[in-house]
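Undergrad: attaching a predicted model along with its sequence, questions to come.
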Amino acid sequence: MIDLHTHSTASDGSLTPRQILDLARDTGIEAVALTDHDTISGILEIKNIVHSYPVEFITGVEISCAPPPEFKSLGSIHMLGYGFSLYDCRLNEALIRAAEARSNRNPKIIEKLNALGFDITLEEVENRFGTRQTGRPHIAELLVEKGYVSDFRKAFDLYLGKDRPAYVNKFKISCKDAIRLILDAGGLPVLAHPGIIDFQHPHDLDTFVNMLVEYGLAGIEVFYSGHDSALKKHLFDIVQSKGLVATGGSDFHGSFNKGVDLGRGRGDLNVDLSVFKTLNDRLIEIQAIPRLDLLEQNLDYRFQSRAFLSNALCHRSYLNENQNICEADNERLEFLGDAVLGLCVGHLLMEKDPMKNEGDLSRLRSNLVSETGLAHIARRIDLGRFIKLGKGESLSGGSDKNSILSDAFEAVVAAVYLDAGFDRVQTMVNRLFDEPVQQILTSSDFIDYKSGLQEFTQEHFGKTPYYTLAQEKGPDHDKTFEICLNLDTVSTMGTGKTKKAAEQDAARKALALLNPES
């Protein structure tokens with residue numbers, strides 16, 4: 001049994017993303033997708049822990065769409081996306097726009113409710129539910145709790161639903177744009193719960209699906225709590241005739257959709273694991289197309305010879321398994337890129353702050369071109385999805401490992417250098433590093449206390465401090481680390497959200513004790 005349609009506190013569900021994983025594990029769900037409305041923040045929250053659960057997991061989202069002009073009376077259409085890259089630039093930009101529009105919509109809903117005589121504030125809603133994306137379900141639930149309506153459904157039927165007195169139109173992108181965004185992000189676009197779309201004529205569903213298929217629609221949510229057997233058969237016939245993928249899910253919202261259980265829906269849902277496997281097979285087909293044009297867009301550079309770029313993306317694990325396809329891995333390019341990148345970033349730093357001394361510039365550059373720093377830049381250009389990895393490395397999440405991302409980014413820098421020369425690389429680096437450089441120059445966080453302490457202790461004591469992990473607290477997705485630093489009679493305790501940050505904090509405190517003037 002699987003469930004490919006669930007919602008968490010990241011949008012309008014009552015359970016956190018991790019609680020959904022826990023529930024899936026405890027109820028025997030074999031595969032699950034988190035498909036929050038217009039956001040992937042819940043997936044980012046759990047992406048580092050999903051591997052520890054005995055549940056197959058796939059990235060998901062549910063995008064609110066405006067229907068084609070021919071079907072404008074339908075109102076809002078929901079498009080599910082599966083298996084896409086979390087770091088796709090254009091998809092993330094669209095979701096950010098949707099979040100901004102939602103934050104502007106909620107005050108207008110509250111204003112209309114107040115005009116109807118209801119004593120309710122947006123701050124009250126946000127404090128009550130503590131979600132990152134407050135919406136109508138939370139407002140509806142509070143109306144129930146305050147006794148203004150008898151149940152959740154009534155809040156929508158009387159006030160919050162379409163054409164009701166407190167309804168406010170929401171931001172929507174077109175179905176065509178949503179499908180294209182999902183496809184370009186390496187995902188599979190699926191029409192959500194077509195059975196609850198209010199078509200005016202019997203054959204409108206078929207006409208509507210045909211139109212979406214022309215846009216690139218790849219699947220239909222056939223198995224859904226609100227779909228009777230006749231509709232499921234009709235939808236499955238469409239799927240087979242159009243070469244689409246059939247998916248299914250409960251539309252689970254926790255307590256905000258009472259009577260709908262994870263995996264079981266209203267008790268009549270039981271989606272087989274084979275549906276998940278078919279979905280994955282189709283995704284493999286979609287993602288087998290390299291789409292290096294998208295990476296070039298993210299780099300803002302079009303290669304004269306893509307052979308350089310292709311080499312830069314070939315990890316040694318891929319070469320080991322595909323020696324007839326790949327002539328060399330990217331390690332030589334990584335070596336060259338490291339040198340070119342160091343010069344480019346050093347030049348940029350000197351331009352941005354001519355007054356910095358050599359020591360500060362060296363520390364700043366080391367921070368920017370560190371493994372963590374380069375991996376951050378690599379994610380901003382969605383580099384991971386384009387790296388060619390061996391099967392084992394791919395299955396272990398290699399496309400999102402800092403070490404692989406940073407090495408591949410250096411190789412890409414070298415590829416641009418070989419293809420167009422130093423000046424073009426400098427232009428690209430200036431654009432990609434402008435924001436990180438501005439942040440590091442305006443923040444005291446850039447100070448490398450560990451290096452400073454090491455230099456000081458070597459000079460004055462002939463030895464260096466050592467660090468030990470004293471304690472880690474909090475859930476896996478939000479840990480706090482405590483690191484103990486020891487050096488002869490000096491001992492300090494540092495805290496931070498990462499071990500490195502805690503070490504820096506401990507070193508800062510030790511420096512303050514040993515060399516107050518520093």
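TA: Ah, there it is. Because the structure is a prediction, the values reported are computed rather than measured. Numbers count the residues shown, from 1 in each chain.
Undergrad: going by C-alpha atoms from here, please, whenever you check contacts or count neighbours.
TA: Will do.
Undergrad: from start to finish, how long is stretch 309-318 in a straight line?
TA: 15 Å (Cα to Cα, to the nearest Å).
Undergrad: which residues touch that stretch?
TA: 303, 326, 328-331, 333-334, 386-391, 393, 408, 411-412, 414-416 (Cα atoms under 8 Å, 6 or more residues apart in numbering).
Undergrad: buried subset of these as a ChimeraX selection?
TA: To isolate the buried members of the contacts of stretch 309-318 in ChimeraX, using 16 or more other Cα atoms under 10 Å:
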select :303,326,328,329,330,331,333,334,386,387,388,389,390,393,408,411,412,414,415,416
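Undergrad: which members of the contacts of stretch 309-318 occur in helices, if any?
TA: 331, 333, 334, 391, 393, 408, 411, 412, 414, 415, 416 (DSSP state H).
Undergrad: which pair in these spans the largest distance?
TA: 391 and 416 (27.4 Å; Cα to Cα).
Undergrad: surely residue 126 touches residue 134?
TA: Yes: between residue 126 and residue 134 there is a contact under Cα atoms under 8 Å: 6.6 Å.
Undergrad: more neighbours: the two, which one.
TA: The neighbour comparison of residue 126 against residue 134 (other Cα atoms under 10 Å) goes to residue 134, with 21 against 16.
Undergrad: pretty sure that one is in a helix, no?
TA: No: applying DSSP: H, G, I helix; E, B strand; the rest coil, one finds residue 134 to be coil, outside a helix.
Undergrad: from residue 124, how far off is it?
TA: Counting by Cα to Cα - residue 134 and residue 124 are separated by 11 Å.
Undergrad: which neighbours do these two share?
TA: In contact with both residue 134 and residue 124: no residue, using Cα under 8 Å, 6+ apart.
Undergrad: run through this structure and note the low-pLDDT ranges.
TA: In the prediction, the chain carries residues with pLDDT under 70 at positions 131-132, 444-447, 476-478, 517-518.
Undergrad: so residue 159, which of the three states?
TA: Going by three-state DSSP: residue 159 is helix.
Undergrad: that one against residue 168, yeah?
TA: No: under the criterion of Cα under 8 Å, residue 159 is not in contact with residue 168, lying 10.5 Å apart.
Undergrad: mind listing residues that contact stretch 469-482?
TA: With Cα under 8 Å, 6+ apart, stretch 469-482 has contacts from 45-46, 48-49, 483-484, 493-499, 502.
Undergrad: just how off-centre is stretch 305-317 within its chain?
TA: Relative to its chain's centre, stretch 305-317 lies at 25 Å (Cα atoms, centre = their mean, to the nearest Å).
Undergrad: distance of residue 60 relative to residue 123?
TA: 29 Å.
Undergrad: residues in contact with stretch 39-53: which ones?
TA: Contacts for stretch 39-53 (Cα under 8 Å, 6+ apart): 8-11, 16-18, 21, 25, 34, 36, 57, 59-62, 86, 95-96, 99, 476-477.
Undergrad: correction: stretch 387-400
TA: 313-321, 384-385, 404-405, 408.
Undergrad: so among the residues you listed, which ones count as buried?
TA: Counted by 16+ other Cα under 10 Å, the contacts of stretch 387-400 give 313, 314, 315, 316, 317, 318, 319, 384, 385, 404, 405, 408 as buried.
Undergrad: correct me if wrong, but the fifth one is in a helix.
TA: If I follow you right, that is residue 317. Yes: assigned with three-state DSSP, residue 317 falls within a helix.
Undergrad: show me the helices in the stretch 1-150 of the chain, by range?
TA: In the stretch 1-150 of the chain, the segments counted as helices under DSSP state H, counting those that start in this stretch are 17-26, 41-46, 89-115, 122-129, 136-145.
Undergrad: tell me which of those helices sits most buried.
TA: helix 136-145 (a mean of 20; mean count of other Cα atoms under 10 Å).
Undergrad: which element follows that one toward the C-terminus?
TA: Using DSSP states H and E, the helix or strand that follows helix 136-145 in sequence is helix 152-155.
Undergrad: for that following helix, packing partners?
TA: helix 136-145 (3 or more Cα pairs under 8 Å, 6 or more residues apart in numbering; DSSP states H and E).
Undergrad: now the helix it packs on and helix 89-115, what's the angle there?
TA: Here helix 136-145 points in a direction 30 degrees away from that of helix 89-115 (axes from the mean of the first three to the mean of the last three Cα atoms, to 10 degrees).
Undergrad: so what touches helix 136-145?
TA: Contacts of helix 136-145 (Cα under 8 Å, 6+ apart): 12, 106, 125, 129, 149, 150, 151, 152, 155, 156, 160, 256.
Undergrad: go with 6 Å
TA: If you take Cα atoms under 6 Å, 6 or more residues apart in numbering as the criterion, helix 136-145 is touched by 150, 151, 152, 155.
Undergrad: among those, who's most crowded?
TA: residue 155 (23 neighbours).
Undergrad: residues in contact with it?
TA: Counting by Cα under 6 Å, 6+ apart, residue 155 has contacts residue 140.
Undergrad: now do 7 Å
TA: By Cα atoms under 7 Å, 6 or more residues apart in numbering, the contact list for residue 155 reads 140, 149.
Undergrad: who are the packing partners of the longest strand anywhere in the chain?
TA: Ranked by residue count under DSSP state E, the longest strand found in the chain is strand 56-66. Secondary-structure packing of strand 56-66 (3 or more Cα pairs under 7 Å, 6 or more residues apart in numbering; DSSP states H and E): strand 31-34, strand 77-82, strand 173-174.
Undergrad: hang on, the earlier thing: go through the contacts of stretch 387-400 and name the one nearest residue 367.
TA: residue 405 (15.9 Å).
Undergrad: so for that closest one, what's the nearest residue that isn't a sequence neighbour?
TA: residue 375 (5.1 Å; Cα to Cα, 6 or more residues apart in numbering).
Undergrad: in a helix, the one you found, correct?
TA: Yes: using three-state DSSP, the assignment for residue 375 is a helix.
Undergrad: next, count neighbours for it.
TA: 23.
Undergrad: again with residue 157
TA: Residue 157, neighbours per other Cα under 10 Å, totals 12.
Undergrad: I'd like the distance from it to residue 255, if you could.
TA: Taken as Cα to Cα, the span from residue 157 to residue 255 is 18 Å.
Undergrad: please apply the same query to residue 411.
TA: Residue 411 is 49 Å from residue 255, by Cα to Cα.
Undergrad: give the contact list for the nearest residue to residue 95 once chain neighbours are set aside.
TA: Closest residue in space to residue 95, ignoring its immediate chain neighbours: residue 38 at 5.5 Å, by Cα to Cα, 6+ apart. Neighbour list for residue 38: 61, 62, 63, 64, 95, 98 [criterion: Cα under 7 Å, 6+ apart].
Undergrad: between those residues, which is nearest residue 235?
TA: residue 62 (19.6 Å).
Undergrad: surely that closest one meets residue 77?
TA: No: using Cα atoms under 7 Å, residue 62 makes no contact with residue 77, being 9.8 Å away.
Undergrad: out of those two, which sits in the more crowded spot?
TA: Between residue 62 and residue 77, counting by other Cα under 10 Å, residue 62 is the more crowded of the two (26 against 22).
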